[in-house]
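Chemist: What follows is a predicted structure for the sequence shown.
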Amino acid sequence: MGPVGYALLGTNMGFRFHDTLTDSILPLPERTPGETSLYVCGPTVYGYIHVGNARPPVVFDVLVRHLEAQGRAVKYVRNYTDIDDKIIAVAAANSEDPGAVSERFIAAYREDTAALGCRAPSAEPRVSEHLGDIVRHIEALLAQGFAYVTDEGDVYYDAARFETYGKLSKRNVAVNRSEFGRGKVGEGKRNEPDFALWKRAKPHEPAGARWPSPWGDGRPGWHIECSAMSYAHLGKHFDLHGGGMDLKFPHHENEIAQTEPVHGDPMCGGWMHNGFIEVDVERGASFSPETAALLAGLFAADPELRKISKSDRARRDALAAEPARSPADEALFAVYSRKVQIGHWFQLRRLLERVDGEAVRLWILGTHYRSPLAFDVQEDAQGPRFPALEAAEKQCEYLYDTWLKLRARREALAGKVTGVKPSAAAFFAKARADFDGALNDDLSTAGALDPFYRVFSRINELCDAKKVAPEDLAAGDETARAMAAVLGVAEGDPETFFGRVTARRIALRGLSSTQIDALVDARTEARNNRDFARADALRAELTQLGVELRDGVSKTTWRAV
């Protein structure tokens with residue numbers, strides 16, 4: 001059974017997921033038969049996203065694709081937080097309007113997630129478009145006594161009024177008071193767990209950072225926005241709410257607290273949270289034995305310390321400014337310094353200069369969405385290396401090479417009668433069943449990749465066979481395409497993929513396609529003139545440059561490897 005009250009709605013018995021609220025595996029909630037309503041918290045648009053920010057859009061994109069492949073109609077809503085203190089700070093630092101900052105980074109977010117193969121959600125609401133909804137929601141909370149207005153004109157949620165506060169994160173407000181809330185008592189709020197619903201504008205803040213309200217000009221708090229936008233686009237008791245594990249508390253906890261008094265219990269039918277992408281801070285660093293021992297204790301006490309954060313630089317700088325640091329602070333300074341170093345490549349846009357977006361997607365899907373995923377950077381004289389991501393890119397090359405081989409073999413057999421009896425239909429049917437079963441089991445993309453790879457391996461075997469039934473090739477083609485469309489991997493045009501990867505690789509090596517084409521043409525001329533020694537020398541030169549030649553019937557093509 002799902003959250004209290006949701007059992008009256010209905011469930012779909014195919015897909016099952018781990019619900020964070022009940023800490024159990026549940027069937028897919030179904031408010032409306034045949035439909036799924038999904039809300040996922042999107043980015044605060046004040047900078048370029050990092051690899052950790054890339055995990056939720058990939059995970060929930062696959063969820064939507066999988067449910068749609070099962071015949072469900074999915075309404076997928078992901079918001080943009082385009083009103084926030086961090087946006088205002090960036091705007092002030094750059095002498096920009098806050099709206100211009102948010103527009104720039106919304107465009108960047110769309111570009112970066114598109115590079116990962118993520119499709120656009122059904123709706124992408126912005127906080128700035130829903131200020132009226134937010135104000136009305138705050139007014140409802142005030143009317144019911146769940147919020148209060150301070151003398152300064154700020155509006156706070158009164159967490160003590162919500163009896164089950166902490167039920168999502170499993171935190172006890174009476175025991176762990178210091179863990180709750182952003183800011184301490186003394187800002188005008190009554191208790192530490194209380195959080196801002198509306199922030200009164202300060203005199204120094206720009207005109208682009210304030211909006212009218214019954215409590216004076218200001219802007220909404222971070223948490224209230226998602227309660228208002230999810231209701232505006234999905235209504236009461238929608239099916240699934242998703243996001244990163246870092247949002248479980250306080251953001252999602254506060255969403256529940258401020259939504260259920262207004263719209264009733266439960267806010268949604270289930271909660272899905274993806275795990276962190278972590279970094280191996282110790283790799284490549286020279287820590288003293290004493291610091292290493294302290295780090296082991298710090299990581300054990302706070303596993304989130306391995307998570308790359310945009311605040312790492314500020315925390316490192318704050319520790320650097322201290323006149324005297326304790327051994328523990330020295331260890332923390334070492335951690336933040338290393339994370340800032342790694343963080344340069346953790347920015348997704350910079351990482352995509354070194355590896356293809358499709359490889360990043362495949363790498364993310366290789367680990368179950370709730371498990372931590374390790375980001376590894378190795379640096380040497382040649383620059384940074386990303387072993388796991390580079391392996392994923394090679395796997396993408398294998399998949400696209402298989403498409404090319406399958407296309408060529410099917411074209412060669414077109415219109416011919418081979419006399420070979422089809423024999424692979426059962427294999428492909430079982431692989432598809434295993435694939436769907438893995439995804440139905442709490443979106444196990446790692447489990448789904450096994451039958452996915454089995455299908456491509458069998459297609460290669462069929463293509464290499466001396467005799468093959470065209471029906472088997474067609475069945476392999478259909479099965480592989482259906483799987484690729486769900487994973488969002490190897491679903492594109494092979495020439496486009498290889499062209500994109502090759503262009504990036506030769507640019508990183510300081511080469512140009514014109515330069516390589518000239519060497520390839522010279523080798524072709526040498527072969528035509530039967531000057532095989534020169535042809536071999538030119539091939540060796542191209543190989544040294546990382547260029548692989550492919551001699552076809554009519555011409556020679558090349559690819560950067």
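Modeler: In hand now; what should we look at? Residues are numbered from 1 along each chain as shown.
Chemist: can you give me the strands for the stretch 1-150 of the chain?
Modeler: 11-19, 24-29, 35-40, 73-78, 147-149 (DSSP state E, counting those that start in this stretch).
Chemist: worst average pLDDT in the ones you listed?
Modeler: When the strands of the stretch 1-150 of the chain are ranked by mean pLDDT, strand 11-19 comes last with a mean of 83.
Chemist: about what we covered before: Glu411: which of the strands of the stretch 1-150 of the chain is closest?
Modeler: strand 73-78 (36.0 Å; CB to CB). All C-beta atoms are positioned from the backbone trio N, CA, C, and that covers glycine.
Chemist: for the closest one, packing partners?
Modeler: Contacts defined by 3 or more CB pairs under 8 Å, 6 or more residues apart in numbering; DSSP states H and E place strand 73-78 against strand 35-40, helix 51-69, helix 224-234.
Chemist: Just put the ones you listed in CSV and tack on distance to Ile516 and mean neighbour count.
Modeler: Formatted as CSV, the helices and strands packed on strand 73-78 follow (distance: least, CB to CB, whole Å; neighbours: other CB atoms under 10 Å):
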stretch, distance to Ile516, mean neighbour count
strand 35-40, 43, 24
helix 51-69, 31, 23
helix 224-234, 50, 25
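Chemist: tell me the most buried of the strands of the stretch 1-150 of the chain?
Modeler: strand 35-40 (a mean of 24; mean count of other CB atoms under 10 Å).
Chemist: Mind giving me the packing neighbours of that strand?
Modeler: If you count contacts as 3+ CB pairs under 8 Å, 6+ apart, strand 35-40 packs onto helix 51-69, strand 73-78, helix 224-234, strand 238-244.
Chemist: Give me the contacts around it.
Modeler: Here strand 35-40 makes contact (CB atoms under 8 Å, 6 or more residues apart in numbering) with 12, 28, 30-31, 56-57, 60, 63-64, 67, 72-79, 121, 226, 229-230, 233-235, 238-243, 268.
Chemist: Same question for stretch 300-315.
Modeler: Stretch 300-315 is touched from outside by 47, 50-52, 246, 276-281, 298-299, 332, 335-336, 339-340, 342-343, 346, 372, 375, with contacts defined as CB under 8 Å, 6+ apart.
Chemist: which of those residues count as buried?
Modeler: The neighbour-count test (16 or more other CB atoms under 10 Å) marks 47, 50-52, 246, 276-279, 281, 298-299, 332, 335-336, 339-340, 342-343, 346, 375 as buried among the contacts of stretch 300-315.
Chemist: Now go through those and say which are in strands.
Modeler: Those of those mapping onto strands are Ile277, Glu278, Val279, Phe375, per DSSP state E.
Chemist: Show me where the stretch 351-500 of the chain has its strands.
Modeler: If DSSP E, counting those that start in this stretch is used as the criterion, the strands of the stretch 351-500 of the chain fall at 373-375, 378-380, 383-385.
Chemist: hmm, back to that, of all the helices and strands packed on strand 73-78, which one comes closest to Ala391?
Modeler: helix 51-69 (15.9 Å).
Chemist: CA atoms only: put the closest one into CSV for me.
Modeler: C-alpha atoms of helix 51-69 as CSV (Å, rounded to 0.1, in the frame of the first residue of the first chain):
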residue,chain,number,x,y,z
VAL,A,51,27.7,16.0,-13.4
GLY,A,52,25.8,15.4,-10.2
ASN,A,53,23.0,17.7,-11.5
ALA,A,54,22.9,15.6,-14.7
ARG,A,55,21.8,12.4,-13.0
PRO,A,56,18.2,13.3,-12.2
PRO,A,57,17.3,14.4,-15.8
VAL,A,58,18.8,11.2,-17.2
VAL,A,59,17.2,8.9,-14.6
PHE,A,60,13.7,10.4,-14.9
ASP,A,61,14.0,10.7,-18.7
VAL,A,62,14.5,6.9,-18.8
LEU,A,63,11.6,6.4,-16.4
VAL,A,64,9.3,8.4,-18.7
ARG,A,65,10.5,6.6,-21.8
HIS,A,66,9.9,3.2,-20.1
LEU,A,67,6.4,4.0,-18.9
GLU,A,68,5.5,5.4,-22.4
ALA,A,69,6.8,2.2,-24.0
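Chemist: Quick check: longest helix in the chain by residues?
Modeler: The longest helix of the chain (DSSP state H) is helix 387-413.
Chemist: quick one: that one to helix 51-69, angle?
Modeler: 30 degrees (axes from the mean of the first three to the mean of the last three CA atoms, to 10 degrees).
Chemist: for helix 387-413, which positions count as buried?
Modeler: Buried residues in helix 387-413 (16+ other CB under 10 Å): 389, 392-393, 395-397, 399-403, 405-406, 409-410, 413.
Chemist: Return the closest of those with respect to Gly492.
Modeler: Of the buried residues of helix 387-413, the one sitting nearest to Gly492 (CB to CB) turns out to be Tyr400, at 8.1 Å.
Chemist: Find me whatever residue is spatially closest to that closest one, sequence neighbours aside.
Modeler: Nearest residue to Tyr400, sequence neighbours excluded (CB to CB, 6 or more residues apart in numbering): Pro494, at 4.2 Å.
Chemist: Against Val561, how distant is the one you found?
Modeler: 15 Å (CB to CB, to the nearest Å).
Chemist: I'd like to know which of the helices and strands packed on strand 35-40 is closest to Gly145.
Modeler: Among these, the nearest to Gly145 by CB to CB is helix 224-234 (16.6 Å).
Chemist: any idea how far the closest one is from the chain center?
Modeler: How far helix 224-234 lies from its chain's middle: 21 Å, per CA atoms, centre = their mean, to the nearest Å.
Chemist: what do you get for stretch 504-514?
Modeler: 29 Å.
Chemist: cool, stretch 342-352 as well?
Modeler: Counting by CA atoms, centre = their mean, stretch 342-352 comes out at 14 Å from the chain centroid.
Chemist: what are the ranges of the strands in the stretch 151-300 of the chain?
Modeler: 155-157, 195-200, 218-220, 238-244, 268-274, 277-279.
Chemist: The fourth one versus strand 24-29: what angle between them?
Modeler: Okay, so that is strand 238-244. Strand 238-244 and strand 24-29 are oriented at 130 degrees to each other (the same axes, to 10 degrees).
Chemist: Repeat that for the second one.
Modeler: Orientation check (the same axes, to 10 degrees): strand 195-200 against strand 24-29 gives 60 degrees.
Chemist: by contact count, what packs against strand 195-200?
Modeler: By 3+ CB pairs under 8 Å, 6+ apart, strand 195-200 packs against helix 131-143, strand 155-157, strand 218-220.
Chemist: Of those, flag the one that's most buried.
Modeler: Of all the helices and strands packed on strand 195-200, strand 155-157 has the most neighbours on average by mean count of other CB under 10 Å, namely a mean of 27.
Chemist: hmm, back to that, between the strands of the stretch 351-500 of the chain, which one is nearest to Ile506?
Modeler: Across the strands of the stretch 351-500 of the chain, Ile506 has its closest neighbour in strand 383-385 (15.1 Å, CB to CB).
Chemist: List the contacts of the closest one.
Modeler: With CB under 8 Å, 6+ apart, strand 383-385 has contacts from Trp345, Arg354, Val377, Gln378, Glu379.
Chemist: So what would you say the end-to-end distance of stretch 375-391 is?
Modeler: End-to-end distance of stretch 375-391 (CA to CA, to the nearest Å): 13 Å.
Chemist: and Ser309, which of the three is it?
Modeler: Counting by DSSP: H, G, I helix; E, B strand; the rest coil, the backbone at Ser309 sits in coil.
Chemist: To what extent is it buried, counted in neighbours?
Modeler: Around Ser309 sit 17 other residues, with neighbours defined as other CB atoms under 10 Å.
Chemist: And it, its phi and psi?
Modeler: Ser309 adopts backbone torsions of phi -130, psi 150, taken as degrees, to the nearest 10.
Chemist: Looking at the residue nearest to Tyr400 now. What's its pLDDT?
Modeler: With respect to pLDDT, Pro494 has a value of 97.
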